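model the following, please.
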Amino acid sequence: MVRLQRLTGAHDAPVLVKLERSNPGGSIKDRPAWHIVRQAEEDGRLGPGGTIIESSSGNFGISLAMIGAARGYRVIIIVDPKTTATNLAMLRTFGAEVIVVDEQDDTGSYHKTRIALANKLHREIEGSFRPDQCFNPLNARAHYRGTAVELVDQAGPELAAVVLTVSTGGQLGGVSRYLREHAPQVHVVGVDAIGSTIFGGTSGPYLIPGVGLGWTPINLDDLARLDSVYKVADEDAFLGCRVLARHEGILVGGSTGAALCVALRLARHYGPDHCVALVAADSGERYLQTIYDDGWLTSHGLSVTTSTVELHRRVDRLRPYSNHPVDTANYRPELAAELGSPNGRCATAAGRPRW
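Below you'll find the predicted structure:
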């Protein structure tokens, strides 16, 4: 946990960044990947010489590839064109077989196409196992039992707000549940990309890696546990990343840039006697050829500035997308079955996941 030194003012709340790049696979996804694999081994669903098949834009797949290499599993990862060259190289270096899906789904993303193909291969390959991060409640349970406990302990009693990005919902779902049960005074803030419809709205293309989905994931099973939701633009998120690197010496991925913008906004609200925490999901080394490359940004019509003045100007403009997130639910309980998910019953069950 690192406290920012140069991006907050004397009257702001300190901003703490939990650096999940310190995990062995370099991202927060090591936590659910290891938890899900271990549970599958204990249940007998994954045995010696088995095959792990997953849909992932990068980090979760890398975590599974690392674990597969260490434990002797064949690993097949379904990715899409948004996956960076660095992430592809890491997957292959760990020995994973990579399939790139280039067909967009009805939301303009690739999630449904990737998931459907992963489920098809799972049905066809004997002895295979699908971690199924989008529809597996163990994803959130890993963060409830691990990430959340560490975060609260590291931040201390001054913790006033936690800022968490969302895609498959494990991180936000698990941490928000823990905070509501053990630190209900802490404000829980979800951050998504403009163009994602996890919290409803109009779907559209976006570039921020590691966030967004076309529906509310089951791992985020109770939106009443969230106090507010923000949606952040690509350019703002990437500016946050570049400013954090240039002025704090912290290299992070795109989702963390989005979380930083919101955390700085909240820091203005809380005084210096409180603190705001955000989780940095991975390292920016995986995005040197995209987010940190001026040519790539320019080719997408995005600013290349690293100005703190410009970042704070944009932070001042930020407003919550919703202060009552339960009204923004976009659940699709039928989707798991439609896509052939092995966890379809979990997604459509009336009850809540066991914790």
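
I figured Ile218 hits Asn139, correct?
No: Ile218 is not in contact with Asn139 according to Cβ atoms under 8 Å; the separation is 9.2 Å. C-beta here means a position set from N, CA and C on the backbone, and glycine is covered the same way.

joint contacts of those two?
Gly169 (Cβ atoms under 8 Å, 6 or more residues apart in numbering).

buried ones in stretch 107-118?
Thr107, Ser109, Tyr110, His111, Lys112, Thr113, Arg114, Ile115, Ala116, Leu117, Ala118 (16 or more other Cβ atoms under 10 Å).

which single one of the residues you listed is nearest to Glu235?
Glu235 has its nearest neighbour among these in Ser109, at 19.2 Å by Cβ to Cβ.

gap between the closest one and Gly195?
9 Å (Cβ to Cβ, to the nearest Å).

got any residues that touch both of the two?
Ser203, Gly212.

so which residues of the protein form helices?
Assigned by DSSP state H, the chain shows helices spanning 30-43, 59-71, 85-93, 111-124, 138-142, 148-155, 170-182, 234-248, 254-269, 294-299, 308-317, 335-338, 344-348.

pull the CA atoms of the longest one into CSV?
Extracted in CSV, the C-alpha atoms of helix 254-269 (Å, rounded to 0.1, in the frame of the first residue of the first chain):
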residue,chain,number,x,y,z
GLY,A,254,-5.6,1.6,-17.6
SER,A,255,-8.2,0.5,-15.1
THR,A,256,-6.1,2.0,-12.3
GLY,A,257,-6.0,5.3,-14.2
ALA,A,258,-9.8,5.4,-14.1
ALA,A,259,-9.9,4.6,-10.4
LEU,A,260,-7.3,7.3,-9.7
CYS,A,261,-9.5,10.0,-11.3
VAL,A,262,-12.4,9.0,-9.0
ALA,A,263,-10.2,8.7,-5.9
LEU,A,264,-8.7,12.2,-6.4
ARG,A,265,-12.3,13.5,-6.8
LEU,A,266,-13.3,11.9,-3.5
ALA,A,267,-10.1,13.1,-1.8
ARG,A,268,-11.4,16.7,-2.3
HIS,A,269,-14.6,15.7,-0.4
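
show me what that helix is packed up against.
Applying 3 or more Cβ pairs under 8 Å, 6 or more residues apart in numbering; DSSP states H and E, we find helix 254-269 packed against strand 15-19, strand 159-165, strand 187-193, strand 228-232, helix 234-248, strand 275-280, helix 308-317.

compare the ones you listed and give me the one nearest Glu334.
Distance to Glu334, taken as Cβ to Cβ, is lowest for strand 187-193 among the helices and strands packed on helix 254-269, at 22.1 Å.

specify the angle between that closest one and strand 228-232 in degrees.
Counting by axes from the mean of the first three to the mean of the last three Cα atoms, to 10 degrees, strand 187-193 lies at 30 degrees to strand 228-232.

who's in contact with strand 187-193?
In contact with strand 187-193 (Cβ under 8 Å, 6+ apart) are residues 160-166, 172, 175-176, 179-180, 198-199, 206, 208, 211-212, 220, 225-234, 237, 255, 258-259, 262, 266, 321, 325.

which of those residues count as buried?
When neighbours are counted using 16+ other Cβ under 10 Å, the contacts of strand 187-193 contain these buried positions: 160-166, 172, 175-176, 179, 198-199, 206, 208, 211-212, 220, 225-234, 237, 255, 258-259, 262, 266, 321, 325.

how about low-confidence regions in the stretch 151-300 of the chain?
Within the stretch 151-300 of the chain, the set of residues satisfying pLDDT under 70 is empty.

for the stretch 1-150 of the chain, same thing?
Using pLDDT under 70, the stretch 1-150 of the chain has no residue that qualifies.
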